[in-house]
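> Here is a sequence with its predicted model. Questions after.
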Amino acid sequence: MSATVPFERTAKGGSAVKVKSGLPEITKSAKTIRYWIGTTPSSPIQNVTVGGVTFPLFRGSPVFDQDGGKPDRTLDHGIYADLTDERVELIRNGVKIRVIRIWGGTDDDKFETAPGTVKGKGKTAQMLIVDGPHYRRQPNDHPVGEFLYMHRLDAMSAEDGHRFPPETMEGA
Amino acid sequence: MPGFISTGSTIAAGIRDDFMGTYEPAFAGVLESLDDAMQLDVPFNHRTETFGMHETMPYPERFDEGNESIPEEGTGSKSFSVTTFDYGKRVSWKIKDREDNKIGDLRAKAAMLGQHFASLPSRAFIELITGSTSLLPAVPNAPDGAAPYSTTDGASAARFGVTDGNIVTGGGVSTSALIETDFFAAIARMGQFQDVKGQPYWEPSVLQERYTIFHGIALLKVFTQAFAANSVFGYRAGTSTTDTSTSAGVSNVILASGVQVTLRATSRITDNDWFIFRGGSPVKPFFKGIRRALTMEDSIMGGNSTEATQTTGKEWVQFTERDAFGVNVPFATVKVNN
C-alpha cells in the first residue's frame, strides 16, 4: 500500500496555470423582449412565417363542433415570442417584401372574427415575394403587414390587450 | 351558366376528339409524392376523433445503492381532436346536350371529376404547410398547441427544446450555395430536436437518412443545381455566401455526403420558403383521415333519375367524400423561411 501524498505538499512551490476566458460580453442584441404576434382573422393565410418566426392566428388545439364549422371553445389569439432586436429587424425586412395575393370571394364573404373560424371559402390566397424576378404587382395584392400584428408586451396597456384584432403592422 | 357542362363547342357535326384530354391534369404519383410527409387514410369512426399519446417515458439515471432509493419519475400525455369535413362536387348537363354531344359520352366525361378527388390530399397538404385555408376552415395546430411550423410550442417554450424550433431562417434562394448551407442547417436542426425529457429525439443517423423537399416550381433550376449538379459554385465562406463567379466550381457537398434527397417542385408554393421531410419517419407530420370513401351518385333520365331530372331535363353526377386532415407532432419536418 503506497502512502498518500498530501495535496498541499504537491502544490507547494508550484505555479497555477491560468487562462483568461474568451467569453464575449453579453451584448444588448442578445437580450430578448416578449412580443405578442399573430395574424388577424381577416388573413386568408392563417399562419405566416416571416423572419424565421411564425405568426399564427391562434394557439392551442381547436375542437370543432359537430357540424364541423366553429371551434367549441375560445382559443387564444396569436402567440408570445421572445425576440431579439436583430430578429425584429429581420421580421420588419421580411414583411416589407411580402404580399398576399387574393382571388375570389365577395365582400359578403368576410372572415369571422372568432379565432379558429377563418373562412377561406371562395377565396384563394398566395404569398409572394415582391423583390423576386417573377413578381408583377396586381391590384389584388395586399401587403402582408395588413394581416399581421406585433406588439411589445411591456408596452401594452390592459386595454390594448383586450382589443382584437389589434393594430396591424402595415404602415409602421 | 354555373353548375352546367357547356357543350356549345362540342356539338358541331364532324367535330374530332383527338385532343379531348387536353384539360385533364395528371394525378398519377400524387399520393406517392406525399409518402414522407402525410400518412394517408387513417380510419375515422366518428365525426370528430380524439387521439391520445403518452409523452416520452423517463430515462434511467445512476443512483447510489444503500444511500438512495431508485429514482422515480412520471411522464405526461397529450390528446388532440380532429374533425372530418365533407368534400363534394356535382356537375349537371341538359339531356338534349348529352344527346347532341359529338365528342364522347358526356356522362363518362362528367364522371371524370371523381379523379380530381385524388388532388385533395396534396391540396390539403399544401394548406397545412403554408398556413392557407380553403379546404379546411382553419389549419389545425400540432398537439403541442402551436402551428405546424413554429419557433415555440403553445406554451411559448422553444419547440422541441431547441432555439427556433422547426423553422430555419434561410439565407435566400438566389444561389445553390445558400440552399446547400440551409439544407445542412435544417437537417442539423432536426438532429437537435429533443423529446420532452431533454434527450435527442433522433438517433445519430441523420446523415444516413433520406429526405423529401417541397419547394416552389419557380426555384426549380437553383434547387436542381444544389442537389443534382456534380459541381456547384464556390463561395467564400466566412466573408460572403454570394456566388463568386470567378471562383472555380467545387464538388457538391450534398452529393458527396451520400444523403438521399427527393425534390418535389410544386406550383402551389409561391414564395421562397421550402419544406424538408425526413424519409421513413415512423410518425409523419401530417395525416389524412377518412370517414367515408369516395361515393358517386347520379341522376340520369331513363336510369336512376330523380324527380327533378324528370321535370327539368337536367341530369347530374356527384361525388362526395368525408375526410379529415390533421397535424401530428412535427418532429420529422423543418421549414426554411426566406
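That came through, no problem. These numbers were taken from a predicted model, which means no experiment stands behind them.
> name the helices or strands packed onto the helix ranked longest in chain A?
In chain A, ranked by residue count with DSSP state H as the criterion, the top helix is helix A:85-96. Applying 3 or more C-beta pairs under 8 Å, 6 or more residues apart in numbering or on different chains; DSSP states H and E, we find helix A:85-96 packed against strand A:33-39, strand A:48-50, strand A:148-152. (Each C-beta comes from the backbone N, C-alpha and C, glycine too.)
> right, so the ones you listed: which one is the most enclosed?
Comparing these by mean neighbour count (mean count of other C-beta atoms under 10 Å in any protein chain shown), strand A:48-50 comes out on top with a mean of 26.
> Just checking: what are the partner strands of that strand?
Paired strands of strand A:48-50, with direction, are strand A:53-55 (antiparallel) (DSSP bridges).
> who touches the strand it pairs with?
Contact with strand A:53-55 is made by A:37-39, A:47-49, A:78-79, A:81, A:83, A:87, A:91, A:148-150, B:131, B:146-147, B:149-151, B:167, as judged by C-beta atoms under 8 Å, 6 or more residues apart in numbering or on different chains.
> Next SSE downstream of it?
Sequence order places strand A:58-59 as the next helix or strand after strand A:53-55, per DSSP states H and E.
> Now do the helices in the stretch 1-150 of chain B.
In the stretch 1-150 of chain B, the helices defined using DSSP state H, counting those that start in this stretch lie at B:95-100, B:106-111, B:120-130.
> oh sorry, the question was meant for chain A
Under DSSP H, chain A gives helices at A:7-11, A:85-96, A:158-162.
> re earlier: to B:Thr212, which of the helices and strands packed on helix A:85-96 lies closest?
strand A:48-50 (19.4 Å; C-beta to C-beta).
> what bits of chain A have low per-residue confidence?
Along chain A, the parts satisfying pLDDT under 70 run over A:1-14, A:28-29, A:62-75, A:104-123, A:158-162, A:172.
> before we move on, back to that, rank the helices of the stretch 1-150 of chain B by pLDDT, which is bottom?
When the helices of the stretch 1-150 of chain B are compared by mean pLDDT, helix B:106-111 comes last with a mean of 77.
> Next to chain A, which bits of the stretch 151-300 of chain B? Give me the list.
B:151-152, B:154, B:156, B:164, B:167-169, B:218, B:270-273 (C-beta under 8 Å from any C-beta of the partner chain).
> same thing but at 7 Å, please
B:151-152, B:154, B:156, B:164, B:167, B:169, B:218, B:270-273 (C-beta under 7 Å from any C-beta of the partner chain).
> what's the answer for the stretch 1-150 of chain B, then?
B:47-48, B:80-81, B:83-85, B:130-134, B:137-141, B:143, B:145-147, B:149-150.
> Check the stretch 151-300 of chain B for the residue nearest chain A and tell me.
Nearest residue of the stretch 151-300 of chain B to chain A: B:Thr169, at 3.2 Å (C-beta to the nearest C-beta).
> Spell out which residues sit in contact with that residue, please.
With contact taken as C-beta atoms under 7 Å, 6 or more residues apart in numbering or on different chains, B:Thr169 is in contact with A:51-52, A:90, B:337.
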